[in-house]
Every structure is written in structure tokens, then in C-alpha cells.
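*Asks:* show me the folded form of this:
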Amino acid sequence: MKILHVSYDMGIGGAERALFQLIRGQVQAGMQPSLAVLASSGFYGQRVAELGVPVVELNQKSSIDFGITEKFIGLAKQNDCVHFQTQTLTLMRAVGRSGQVPTAYTHGGGELRVNGKRRVMHYIAGRYAGVLDSLEQAHP
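*Replies:* Next up, the predicted model:
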């Protein structure tokens, strides 16, 4: 199975480490993961590359940088599914509209209680990815 993971960056952090461990496990299980990084690949991005996993830096300028959309859709179509680790609504929407690649969205992890704008963003991200956001499931 070919899985494209999407992260904002892969610097040093808990979510980045967890994604690295997930990708490492997928490689060991014979899957074919790849990684698209919106900003810079950083420490864990380099570790992922050392596993022989393709890492693509998209160099997104802002959350509404539409210049990377076509390239990203091309990457997504090369995979069996896309796993978003970040709320990039423009890319989630673009892949969702193509209807060709199943998607999933995972927020930062752990129990997270948010209100207002952040809650709405998590909700929309979950809907664009075609799954319910865990925030909605845990805190209706």
C-alpha cells in the first residue's frame, strides 16, 4: 500500500516523532510510505529520508498558497491514500474534490479541548478529509 503522509514540518517535536515512528513501522511492514512536508523537512524529515522514503518539501508560503496545489494533487494521485497530519484546508479540499484518493486527518494528538475558530478549523479539516475529527467524536 502506498501512503502519502502530509505534515507542516518535521522538526523536533512529539507529533513529528510519532509520524517518523509510524512511517518506520510501515516500511518494516512492507508498505510504501512517502512524506510531503509543507515547510521544511527538518530533523525527522531527514530521518525519514534515511529510511529510503521519498520526502518532498513543498515550500508552502502561507496557508492559502495555491501555487503548490497542482504539484500536491500529482503526488496524492500516485498513492492509495493520503494521511494529513496538519490542517491544510486548501490541499484537503483539492484532494477531496478529485475523488480519486481516500484521505484521513489526524490532529496533533492526545485530548485537545478547543473552542471557537480552532474547533471550527478541526471540524472542517475532518470533513474535507472524509472522516470525523476526533475532537467532534470526543466532545460533541
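
*Asks:* any idea of the mean pLDDT in the longest helix along the chain?
*Replies:* Ranked by number of residues, the top helix in the chain under DSSP state H is helix 14-28. The predicted model gives helix 14-28 an average pLDDT of 94.

*Asks:* mind listing what's buried along the helix or strand that contains residue 36?
*Replies:* Assigned by DSSP states H and E, residue 36 belongs to strand 32-37. For strand 32-37, a neighbour-count test (16 or more other Cβ atoms under 10 Å) marks 33-37 as buried. (C-beta placed from N, C-alpha, C; glycine too.)

*Asks:* same question, stretch 69-78
*Replies:* In stretch 69-78, the ones that count as buried by 16+ other Cβ under 10 Å are 69, 72-73, 75-76.

*Asks:* can you show me the strands along this structure?
*Replies:* 2-7, 32-37, 55-57, 81-84, 103-105 (DSSP state E).

*Asks:* what's the least confident stretch among these?
*Replies:* strand 103-105 (a mean of 80).

*Asks:* so what does that one touch, helix or strand wise?
*Replies:* Secondary structure elements in contact with strand 103-105, counted by 3 or more Cβ pairs under 8 Å, 6 or more residues apart in numbering; DSSP states H and E, are strand 81-84, helix 89-98, helix 116-128.

*Asks:* lowest average pLDDT across the ones you listed?
*Replies:* The bottom spot among the helices and strands packed on strand 103-105, by mean pLDDT, belongs to helix 116-128, with a mean of 63.

*Asks:* off-centre distance for stretch 45-59?
*Replies:* Mean C-alpha position of stretch 45-59 versus that of the full chain (Cα atoms, centre = their mean, to the nearest Å) differs by 14 Å.

*Asks:* okay, now stretch 58-71: how far is its last residue from its first?
*Replies:* End-to-end distance of stretch 58-71: 8 Å, with Cα to Cα, to the nearest Å as the criterion.

*Asks:* no further queries at this time; thank you.
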